[in-house]
Structure formats: C-alpha cells, structure tokens
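Trainee: Any chance you could fold what I've pasted below:
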Amino acid sequence: MKLGYHTSYWTSKPPAGAVECIATAERLGFDSVWTAEVYGSDAFTPLAWWGAATSKVRLGTNIVQMSARTPAATAMTAITLDYLSGGRFVLGLGASGPQVVEGWYGQSYPRPLERTREYIEIIRAVVAREAPVAYSGNHYQLPFPGGTGLGKPLKSTVHPLRSHIPIYLAAQGPKNIALAGEIADGYLPFFFAPRNNDYYRAALAEGFSRRDGGQAPADFEVVAGPNIVFDDDLETAADALRPWVALYVGGMGAKEANFHAASIARLGYEAEVEKIQQLYLAGHKKDAIAAVPTAMVEDVALVGPPDRVKDGLARWSESVVTTLLISGDEAHLNKIVDLLS
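Mentor: The predicted structure follows:
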C-alpha cells in the first residue's frame, strides 16, 4: 500500500502543524497529501497554500462537495491546481448529504447519483477541451436555458496541462460505490472496515462491469485510512475515538438520511446505531458516546498497543485499499511508518 497524509477538515481554526506534517510526509516518501471540507474551510485553498511547499507528493481533495460549486467552476480550479502542481492534482468529489446540501448550500439533494454522473461528465468535457461545452441534463444545463438567451457553449481559455485529471468519488452506499467503479478513477470510502471488505469489492466490481472491457482500470485507487490511537490499554485508546464515532453515527446527518450510520449498521450494529442515534439526537451526547462499543471502534479504527495496531494494519493491507490515509502529528507519522517498515 501507498501512504497518504490527510490534514482533515478544519474545526474552529486551521489544524496545528499541518505545514510541518506535510513536509515530513513528503520526506518519508508518502505518495499523497489530502485536504477536506464540510461547512467551514474549503478544500482547495489550503491544498494550494500548503502544496506550494511540496514537489513530489500528489495533492488531493477528500472531499470537495459538489453542491458548493458548479461543475465548470470545479473544473477550472482543477485545471489551475494541476498546472500549479506540475500535474500532481487529484480531484476527490462527494455528494455530501441533504442537511448540508439543502441547509448550507441551498441546493436540491434528491437523485444524488444522477447528479454526480452529470457533474463528472461536465468536468471531463471541460478538461478534455475538445469542443465548446454544451450539456443538457436533468440537473445541469450548459448553456443555461432561459435567462437572457445570450449564453453560448464555451471552451476553457486555458489549455489543460493534462487532458484527463483523475477524479475520485466518495461513496458509502452500494449504488454510489458502484458508480465510483463505473465512472471514476478512484474511490474514497469513509468508515471503511476491513472485515466488510467483500461488500466494497462486490460493489466496485458491479461498477467495473459497466466499463468498456468490463473490468477495473489497472490504476484504479481506493484511498482510505483508519484513525489510529496508541495506548497500552485498549479501552483507554477506544475512549479517545468514541466521541468521533458517536458524532458521525448520531449527529452527522438526519436520522432518516445518515449515511455514516448506515455504514456502521451494515457491520451488524443495527441496534447499537439506533441507540446511539436516539441518545445523540435527544441531546444526551455523553450517553451516546458511552454507548459506542469497543468492537465498533476497532472495526473502523486501529486502537491499542503498537503490536495490536500493527496486526490491524496488516488487515488493511489485505483489503481493497491501495493507499492508506494517515492523520496526526509528526511523531505519529514516524511511529506508523516504523510499524510498517
């Protein structure tokens, strides 16, 4: 497996030590560096700012939310970053969820798979620069129908450095994972669990079967990584991540449409997920955190003594994941690299 460094999304302010960690990741031979966004900082700006100090690592977004920008705007930014980085940019996209799409961006959420397909098709057309871009979809139309009536198909003024910029798709449900296998260059899972590897493999295979030739491209990437907490006491290590699991299972999305909760439920935790959601949404966050079993944490993260973490890393290396994402400070990165060596 290749290694990637993830700065994660910002909370109240930029993550401390990101510049130093990125430099360390490149020095240690990491393949890539990734940024993220939710409803605070964007993913592109820090990637450009911090990426300017790098020369070898690929620079990716994990993820850019589609509803935040039109397809053409995203394509423009991708072309620009690809040029500035010397062809090292990877565009990671995701549909997000209805709370963010409709509550933050003021866009309609229904039919996200269809919307994703159209969005990527337009980006591909802009980057290919083979002709002025005209598109007539259910979600996106170029030129815009109506308005002044003066819109016309246009071609990017910039000749892209590459006619094909890699696009990786974030997905959790089987249909969306299959879509990644069908139309994207890579897949970005969240709450990936190695023991559910057959689920991911089957969903990707469904998508690959729809491609010309009916199989996966040789360079198709699956980029994911667990949160890793070292502690000689397993329960203490798990305690550090229970709030994170409870937040996503209980509070990141509406009860009727929480894709993170669905991912955990698919591991056989339907009853536990229901309990965590009920407690979290009722405002009993401490109880929701306490309701997260250690086994659930261990399924989606690596916690405990170094030997236990090393055994867990071996399970990840045997999965569909091709790039292991790591977050944390410089000491953490060095410790994980030592474990893998």
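
Trainee: Chain neighbours aside, what residue packs nearest to Val207?
Mentor: Residue 207: Gly, not Val. Leaving out its chain neighbours, the residue that sits closest to Gly207 by CB to CB, 6 or more residues apart in numbering is Gly181, at 2.4 Å. Placement of C-beta: from N, CA and C, glycine included.

Trainee: how about the helix or strand hosting Thr74: buried residues?
Mentor: Per DSSP states H and E, Thr74 falls inside helix 71-84. Going by neighbour count (16 or more other CB atoms under 10 Å), the buried part of helix 71-84 is Pro71, Ala72, Thr74, Ala75, Met76, Thr77, Ala78, Ile79, Thr80, Leu81, Asp82.

Trainee: Repeat that for stretch 303-317.
Mentor: Within stretch 303-317, the residues that qualify as buried by neighbour count (16+ other CB under 10 Å) are Val303, Gly304, Arg308, Val309, Gly312, Leu313, Trp316.

Trainee: one step back: contact partners of the helix holding Thr74?
Mentor: Helix 71-84 is contacted from outside by 44, 47-48, 51-52, 59, 64, 66, 69, 88-89, 91, 93, 118-120, 122-123, 126-127, 133, 140, 142, 156, 158, 160-162, 165, using CB atoms under 8 Å, 6 or more residues apart in numbering.

Trainee: Please repeat the previous calculation with a cut-off of 6 Å.
Mentor: With CB atoms under 6 Å, 6 or more residues apart in numbering as the test, helix 71-84 has contacts from Phe44, Phe89, Leu91, Tyr119, Ile122, Ile123, Val126, Val127, Val158, Pro160, Leu161, Ile165.

Trainee: Equivalent analysis for stretch 196-207, please.
Mentor: So stretch 196-207 is contacted by Pro174, Ile177, Ala178, Gly181, Glu182, Leu267, Ser319, Val320 (CB under 6 Å, 6+ apart).

Trainee: Of the buried residues of helix 71-84, which is the nearest to Ala246?
Mentor: Checking these against Ala246 with CB to CB, the nearest one is Thr74 at 32.3 Å.

Trainee: rewinding a little: the contacts of stretch 196-207: which two are farthest apart?
Mentor: Within the contacts of stretch 196-207, Glu182 and Leu267 form the most distant pair, 24.9 Å apart (CB to CB).

Trainee: rewinding a little: export the helix holding Thr74 to CSV, keeping only CA atoms.
Mentor: The C-alpha trace of helix 71-84 is given here as CSV (Å, rounded to 0.1, in the frame of the first residue of the first chain):
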residue,chain,number,x,y,z
PRO,A,71,-19.2,21.7,-12.4
ALA,A,72,-17.4,24.3,-14.6
ALA,A,73,-16.1,26.2,-11.5
THR,A,74,-14.7,22.9,-10.1
ALA,A,75,-13.1,22.1,-13.5
MET,A,76,-11.5,25.5,-13.6
THR,A,77,-10.0,25.0,-10.1
ALA,A,78,-8.8,21.5,-11.0
ILE,A,79,-7.1,22.7,-14.2
THR,A,80,-5.5,25.6,-12.3
LEU,A,81,-4.2,23.4,-9.4
ASP,A,82,-3.0,20.7,-11.8
TYR,A,83,-0.9,23.3,-13.6
LEU,A,84,0.5,24.9,-10.5
